[in-house]
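Asker: Give the three-dimensional model of this entry:
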Amino acid sequence: MFGERPVGAVTLVETPVSRSYAQKARVAFLVVAASVALVVAATASVTVPLVLAVVIGLLSGAVCGLVVASVVRVWPALRVLWWWAFEIVAAVTVFVGMAYLSRATHPAVPLVLLAVVLGVVFGVGRLRRRVSAWVWCVVVRHRLRLCFAEFIRSASRLHPGRLPLILWARPTPAGERVWVWLRPGLDLMDLDGKADKLAVACWAGEARMVRASARHAALVRVDITRRDPLTGLVASPLAAWVAWMRDEDAPVSPAMPPLGLDLLDVPEPAPEQRNPRR
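Answerer: Next up, the predicted model:
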């Protein structure tokens, strides 16, 4: 999970990020341990002897420093779990619900219920398209995160691990719309010209990145285009309404007869005579 990976292995945290957080964990341990030890020793010296107060302070500082350092050290892995929190919670909810329902009724009941739910979702076109749109939003969040990680990895001047925050994603008639909060060291100009790479990473036809707020430059909106909603034919009900409202027995005024005008019989207008200059 941390450190160097052998050939063919997959790691949750890359080596530069792991080293950076290992250094942060050591610094956090020293700072927290020293601060807590001084505060606890000074407080305990009021009621206990000084030597005992120092021992209590050192033990308290060591415990607090280890806790904080451990959290900082495993934070990259916790962050990955947070990124996949929706999928993890959904899977755990489904399996726990099926297990509870299987114990309460019959082992075949949760399977039948799951088959019915999936059949309704895939059978009803409107519901299927709605669920598919939200599933694409979840997929796009992960694809954008991988693409941003590649951009940051390729730019050595950026600090490792400073990935943008994927705030929210929602479906649109053309695809998905995602709001991203850029971290320090990354701006919209760094992403300019990389829209095609985002589109490729998201399996889409086009991607556009614009500022989502005039006040906050870090807030960026990413529009993923998968289809053109204006290309589909929409049947207009106006023709049916006109046919239904038309009364065939209503009198109709006769059409205007042709005038029978022959343009060859019309004389050409004579040119106007202009007064010569004096």
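Asker: Which parts of the host helix or strand of V92 count as buried, going by neighbours?
Answerer: Here V92, judged by DSSP states H and E, is contained in helix 85-104. For helix 85-104, the neighbour count (16 or more other C-beta atoms under 10 Å) marks 98, 101 as buried. In this view, the C-beta of every residue, glycine as well, is placed from N, C-alpha and C.
Asker: Mind listing what's buried along the helix or strand following it?
Answerer: Counting by DSSP H and E, the element after helix 85-104 in chain order, helix or strand, is helix 108-123. Buried residues in helix 108-123, counted by 16+ other C-beta under 10 Å: P110.
Asker: Can you list the buried residues in the following helix or strand past helix 108-123?
Answerer: Sequence order places helix 125-154 as the next helix or strand after helix 108-123, per DSSP H and E. Neighbour-count burial for helix 125-154 flags 133, 136-137, 140-141, 143-145, 147-149, 151-152 (criterion: 16+ other C-beta under 10 Å).
Asker: Same question for stretch 205-223.
Answerer: 206-207, 209, 212, 218-220, 222-223.
Asker: Report the secondary structure state of L230.
Answerer: State at L230, reduced to three classes by DSSP: H, G, I helix; E, B strand; the rest coil: coil.
Asker: so how many other residues sit close to it?
Answerer: Per other C-beta atoms under 10 Å, the neighbour tally for L230 reads 8.
Asker: what's it sitting at in phi/psi?
Answerer: Per-residue torsions, L230: phi -90, psi 0 (degrees, to the nearest 10).
Asker: next one: D223
Answerer: Main-chain torsions, D223, degrees, to the nearest 10: phi -100, psi 120.
Asker: Equivalent analysis for the one 4 residues further on, please.
Answerer: Summarising the backbone geometry of R227 under the convention degrees, to the nearest 10, its torsions are phi -150, psi 160.
Asker: what separates it from A133, distance-wise?
Answerer: To A133, R227 is 11 Å away according to C-beta to C-beta, to the nearest Å.
Asker: From start to finish, how long is stretch 41-61 in a straight line?
Answerer: 10 Å (C-alpha to C-alpha, to the nearest Å).
Asker: ok, the buried residues of stretch 205-223 vs R177, which is closest?
Answerer: D223 (5.5 Å; C-beta to C-beta).
Asker: Just the pLDDT for the closest residue in space to V48 that isn't next to it in sequence.
Answerer: Take V48 and drop its neighbours on the chain: the residue closest to it by C-beta to C-beta, 6 or more residues apart in numbering is I56, 7.3 Å away. pLDDT recorded at I56 is 92.
Asker: C137 too?
Answerer: Note on C137: pLDDT of 94.
Asker: For the closest residue to it other than its chain neighbours, grab the count of nearby residues.
Answerer: Spatial nearest neighbour of C137, chain neighbours left out: A169 (4.1 Å); criterion: C-beta to C-beta, 6+ apart. By the measure other C-beta under 10 Å, the count of residues near A169 is 21.
Asker: What is the burial count for the nearest residue to E176 once chain neighbours are set aside?
Answerer: Leaving aside its chain neighbours, E176 sits nearest to I224 (4.4 Å; criterion: C-beta to C-beta, 6+ apart). Summarising burial for I224: neighbours were counted as other C-beta under 10 Å, giving 26.
Asker: And for P229?
Answerer: By other C-beta under 10 Å, neighbour count at P229 equals 10.
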